[in-house]
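In: Pasting a predicted model and its sequence here:
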Amino acid sequence: MSLFITFEGPEGSGKTTQCERLEQHLAGKHYDVLRTREPGGTPIGQQVRGVLFDQNNGAMTPEAEFLLFSASRAQLVREVIWPQLEKGGVVVCDRFFDSSLAYQGYGHRLEQGVLREVTRLATGGLQPDLTLLLDIAPEDGLRRRKQQSEQWNRLDAYELSFHTRARQGFLTLAQAEPGRWEVIDASQTSDAIFECVRVRVQRALAG
Ligand code: TYD
């Protein structure tokens, strides 16, 4: 049975660690699992990622930013995600279109309806089966993030109110589709977070 799992949340929420732990856990149980991320995950997506995160690109407009994320996504869906789901595997993806709805939609205040239309083109209508929201206050997440300064990128430098709107956006999206989303308190220890992840994924695999 194929399963498409995405992780979402503010920066510094520990998503990447949890994605790695979930991949290892599922591989240990002999699932055919593939971990990937956005933006990136393909050679073209990696190049787009470079443009998006380049600190010299301060002039990038929110519209251009959204279209670049969507371009990376269109490539990832067709090159990586669909093929893996079609062969009955599991995909664990670090961010997907909900990040665009939260950051470019709620953060930059681009119109949700238009974002969803373009997203439908980018994804071919593909939706995650399960989305795990690692929820954390952006001030706490950004503090963690700053400590790992090599990861600091152009988007992290947006003002705090932008990140706060994005976090609220994630929570609003989760509330609107409770069957797909699971909200997890990411201020807990990594082990406690992973236990929530494991239990929820187990349920999805069983059902
Ligand atoms: P990244 O370095 O991949 O780390 P993390 O996911 O751990 O935060 O940063 C991705 C950044 O891109 C992050 O600031 C969120 C942002 N983003 C968007 O604004 N829109 C999107 O559609 C996606 C996928 C990411």
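Out: Okay, I see it.

In: what does stretch 53-60 rub up against?
Out: With CB atoms under 8 Å, 6 or more residues apart in numbering as the test, stretch 53-60 has contacts from 51-52, 68, 153-155, 157. C-beta coordinates here come from the backbone N, C-alpha and C atoms, glycine included.

In: For this protein, what lies in contact range of the ligand?
Out: Residues of the chain found near the ligand, taking CB under 6 Å from any ligand atom as the criterion, are 11, 15-16, 38-39, 69, 94-95, 99-100, 103-104, 151, 153, 155-156.

In: try it again with 8 Å
Out: 9-13, 15-16, 37-40, 49, 52-53, 65-66, 69-70, 72-73, 94-97, 99-100, 102-104, 107, 145, 151, 153, 155-156, 166 (CB under 8 Å from any ligand atom).

In: Let's see the PyMOL selection covering just the buried ones among the residues you listed.
Out: Burial among these is assessed by 16 or more other CB atoms under 10 Å; the matching PyMOL selection reads:
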select buried, resi 9+10+11+12+13+15+37+38+39+40+49+52+53+65+66+69+70+72+73+94+95+96+97+99+100+102+103+104+107+145+155+156+166
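
In: among the residues of the chain next to the ligand, which are in strands?
Out: The strands, defined by DSSP state E, take in 37, 94 from the residues of the chain next to the ligand.

In: ok, which stretches of this protein are helices?
Out: For the chain, helices defined by DSSP state H occupy the ranges 15-28, 43-53, 62-76, 82-86, 97-99, 112-123, 138-147, 160-176, 190-206.
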